[in-house]
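need a 3D model of the following:
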Amino acid sequence: MIDDKDDDVSRSLRKFLRYNPINEFEPFFESLGIDPSELHSVLPRGVFFLADDFVLLDNFHVLCNYGLPRNRMGKLYTDAKEIFGYASGLLALKLGAYESLGLSRSTVAKLVVCCPFLLVGDVNSEFVAVLDWLRSIGIESDWMVSYLSCSRAYSWKKMLDTMQFLNKVGYSEEQMRNLFRGNPKLLLEGFGRKLYLFFGRLLKVGVEINVIYSYFVEHPDILSNKCAKNLLRVIGFLCAIGMGKDDIAHILSEYMHLLSTRSFKGHKTVCKELKVGKDDLCRIIKDDPLKLISLASKQEQKGDGKVDKRNYVEKMTYLLKLGYTENTEEMAKALKMFRGRGDQLQERFDCLVEAGLDYNSVIEMIKRAPMILNQNKSIIKKKIDFLRNVLGYPLECLVGFPTYFCHDLDKIVERLSMYAWLKERNAVNPTLTLSTIVASNDKRFLKYFVNVHPQAEAIIMHKESESESECILVPSFTGSTATHYLKVSWVHSVNSHFSVKRVSRHVKGKVQDVLLDYLHSSRGYSFMDAEFISQNSPSFVHGLVSEFHGQDEDVARCLTKFLRYNPINEFEPFFESLGISPHELPLFLPRGMMYLSDDHVLLDNFHALSNYGVPRNRIGKIYQQAKEVFGYPSGLLLSKFRGYENLGLSRSMVIKLVVCCPSLLVGETCSELVMVLDWLKKIGIEHDWIGNYLSCLKTYESRRMLDAMEFLHKVGYSEEQMHNLFKENPALLLEGLEKVYVFLGRAFKLGLNKNVIYSSFIEYPHILSNKCVKNLLGVIGFLYSIGMDTDGISNILSNHMQLLSAHPLKGPKSVCLQLKIRKTDLCQIIKDDPLKLISLASKLKQNSTVQLSCDEPSKHLDKTTFLLKLGYAENSEEMAKAVKKFRGRGDQLQERFDCLVEAGLDYNIAIKMIQRAPMILNQNKVVIQKKIDFLRNILGYPLDCIVSFPAYLCYDLERIMLRFSMYAWVAERKASKPMMTLSTILACSNEKFVKYVVNVHPEGPIIWEDLRRLLQKDKSKLFL
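Residues are numbered from 1 along each chain as shown. Got it, this is the predicted structure:
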């Protein structure tokens, strides 16, 4: 009902609108779905009437007529405003272009709403690539639209990355199709950051990339964010309890899928529950990795109770043998996973063991690839027979690639027959693993195997038309040459999981000589190149040795004969000798080439680098980070070196810069480096000074150095102050001030005055160090956590910045727990007296200052002077620790240090040794001299060997004399390897020494006891 009052409102409103025009864009944009609170940001300036912006209206009507919902057009306007400025007809053309890709009008409409940027610029190439991928795996273009949500935005780049990653992992087209149909979210939202982070961590701890990929293929659920998060926690847990990388890699390689289904408690919680230390927990998990689940999993170990009783009884005995635990979730899953009766599964398992595989290895294979036992026994036998008797592969390679059994036999025969045919014609890399050949999808196999030879397509078509038996009897496999090729492929493949036995130094030397002779005499490379390659490619040499294991005496003759008829891929030892890690080699091996001489451009540039003075074992870093350098025409690389020399740099400086920053050789002379050198010259630092502090193990950025100098100039540093700052702390220049910028952002957000901060930076330069900045960021976090307001934090930092920067703080929870007070009370205490923050929360021991002042002043002064020479910063936490750690006066410490330098060690190397093993300088000078004399003059070891094992000088002289005397006796009788490393002899426990050194000779224990008695009577007789 409308009363009179309502009529008055209507009449009044009409009268008001007659003389007071409204901004028509406001109701228009609101009707398009734009939130009223956001209207002010999209309203055009100086325009009130919609008719005045006829271009906007035209494009709006085009979208309406095409079928886009009007209430969704607001999203298009906010995300891609330029669409509404298109000339007449352009928008219709763009929509038509997407229809021409095979999409229906409704599909295009939904895509445009979800991703407005599709209408900006040309047809989106990433979107087209996604459509092509979907079609190639058998998914219709319109399928995806049914899962798109208009309220979300999607990234085609992320979708494309997802599909490319799955293809690289080894997913077939069918597997990818089933994965996306079963879980469209994986395609539309892509893999989360956690999966890529987990992938990087796995590679870092040393898990083989093929193992990771095989798990991703066999267990697609690992790709979810939840599973990746669980596995990241596993890595964090194992690192926290002190487990080594090799052990972590082993556990993840064997039990990744099992661990991905569990979330884990923190290591502290587990240690507390079990009342054990971290070392004990680490040892327990090393002995039985599955204890990690039973001890640390948050989930209860219950079965789901839905297993059929009869199947459970039939399979139970067999699954218990495989290591499954009764009444667990894993047992319930296994009962569903394995098909067949218990006796059938046992029969298939026995088939693998009878073929020659180790019982425990078979168990691990089954756990990684359960589908093996879901095949008929005769099929398993056929695949083993084909692998071993026809291909010539050793059976052990299946341990690293158990999914070989899960591939169809026709596919295996077809692909490996094709591979052997190509290898005989030198068209492919001869050292590829089974997984690379068999697990790649059809598209990749055609691209990288079939299409590399003009006749290959006809050959594979011919093989496809043959029967299975005819395929197995392909002539390529029956000859000895083909068999040898396959064996060498397995031996030298860096992706193989079959470990090579340890090689004696004697045999290794023989193999290196044979390889040297092959490269120099047979292949015609210079003696210097051939010698360097043979001496610096240990993994490749081990691979060659393993080809003739058990023939140590005849290895040189056998290998010489082998290399006469079986060429090697020369790029493998070459790249390894340049410093590229063996597990990274597959990323850099050129396709379709085996001989170094085939790539003369690469060799020319390699020689240009080496002749200029770049260390050969560092050239690999340049190849990895700036590969294009090795494709330069003759003379270009030398001209680039001269360009940097023309800047006033010495040759040694240019070499060090190029090794640390390979990108300097790409493109023109680096303008940022030129500016850095100009700055250094301006503040009075010679160009070559910077070279003394560069490390070849790190990579530096000229941009970061330039930013650091410009920032300090902006802060107010004079040229002299900047000169002194960099001379005292070169890391500030080389590593940049990234943490300082983070601190500045936080400080400005708190309201600190810029001038106050800058003046602190000038007055107390040490605040700029990463450690001090980290401490200040810790202060801000601490004060925030206890609820202090921004004004309070700003006030404390302004007045006490220098003092707080020197103190790392405990966590607020720890402080409250120690003081037995609440956060609000702690906040009030610090507000009343800010210096209480240091006395209550600092991690530094509060008695260090008192103890320091109680020492003899002159002694402390002398010691401090010496420690400053070693690189310790004055008034730092490290200096305080070092003053207590090093015993003796400064002049005594200097005397002991000089003793090392006078013995023949480099000054900088001696400093690094002291930093690694400070206890060296806590010994008398005479004792140090005795140990060096014993090492060099009696044992015959070079002095350089203590550089890698400085702890030698920390061991008791009696232990050194006793162990080396025993080792010398055993070595004389050729019962032990000659010239074992110092660490092997000294660092092992007494039990291990007795087992591996004393007991290797029948008379060893008697001599050992005689030497011990002799030592107790007269130690000096051991020197005779």
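
just give me the neighbour total for residue 447.
In terms of burial, residue 447 registers 12 neighbours under the definition other Cβ atoms under 10 Å. Where you see a C-beta, it was placed from the backbone N, CA and C, and this is true even at glycine.

state the mean pLDDT of the strand or helix carrying it.
Residue 447 belongs to helix 442-448 when elements are defined using DSSP states H and E. Averaging the model's pLDDT scores along helix 442-448 yields 75.

next, the buried residues of it.
Along helix 442-448, the positions that meet the burial threshold by neighbour count (16 or more other Cβ atoms under 10 Å) are 445, 448.

can you list contacts of that helix?
136, 167, 172, 173, 415, 428, 437, 440, 591 (Cβ atoms under 8 Å, 6 or more residues apart in numbering).

so what's the third one closest to, chain neighbours aside?
For residue 172, the nearest residue in space outside its immediate sequence neighbours is residue 441; the separation is 4.7 Å by Cβ to Cβ, 6 or more residues apart in numbering.

and the two most separated of the contacts of helix 442-448?
Checked with Cβ to Cβ, the contacts of helix 442-448 reach their widest spread between 136 and 428, with 23.6 Å between them.

in terms of neighbours, single out the busier of the two.
Of the pair residue 136 and residue 428, residue 428 is the one with more neighbours under other Cβ under 10 Å, namely 23 against 16.

confirm that one sits in a helix?
No: residue assignment for residue 428, taken from DSSP: H, G, I helix; E, B strand; the rest coil, gives coil, which places it outside any helix.

list the contacts of it.
Contact criterion Cβ under 8 Å, 6+ apart gives 419, 422, 448, 449, 452, 591, 592 as the residues in contact with residue 428.

let's have those in CSV, adding secondary structure.
Compiled in CSV, the contacts of residue 428 are given as follows (three-state DSSP):
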residue, secondary structure
419, helix
422, helix
448, helix
449, coil
452, helix
591, coil
592, coil
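
can you tell me which of those is closest to residue 520?
Of all the contacts of residue 428, the one sitting nearest residue 520 is residue 592; the distance, using Cβ to Cβ, is 25.2 Å.

the closest residue to the closest one other than its chain neighbours: neighbouring residues, count only.
Distance criterion Cβ to Cβ, 6+ apart; nearest residue to residue 592, sequence neighbours excluded, is residue 452 at 5.6 Å. The local packing count at residue 452 equals 14, with neighbours defined by other Cβ under 10 Å.

you'd agree residue 452 is up against residue 590?
No: with contact defined as Cβ atoms under 8 Å, residue 452 does not reach residue 590; the gap is 12.0 Å.

what residues does the stretch of helix or strand residue 619 belongs to touch?
Assigned by DSSP H and E, residue 619 falls within helix 619-625. Contacting residues not belonging to helix 619-625 are listed as 575, 578-580, 584, 588, 606, 609-610, 614, 629-630, 658-659, 662-663, 665, 696, 699 [Cβ under 8 Å, 6+ apart].

which of the residues you listed fall in helices?
Secondary structure defined by DSSP state H assigns 575, 606, 609, 610, 658, 659 of these to helices.
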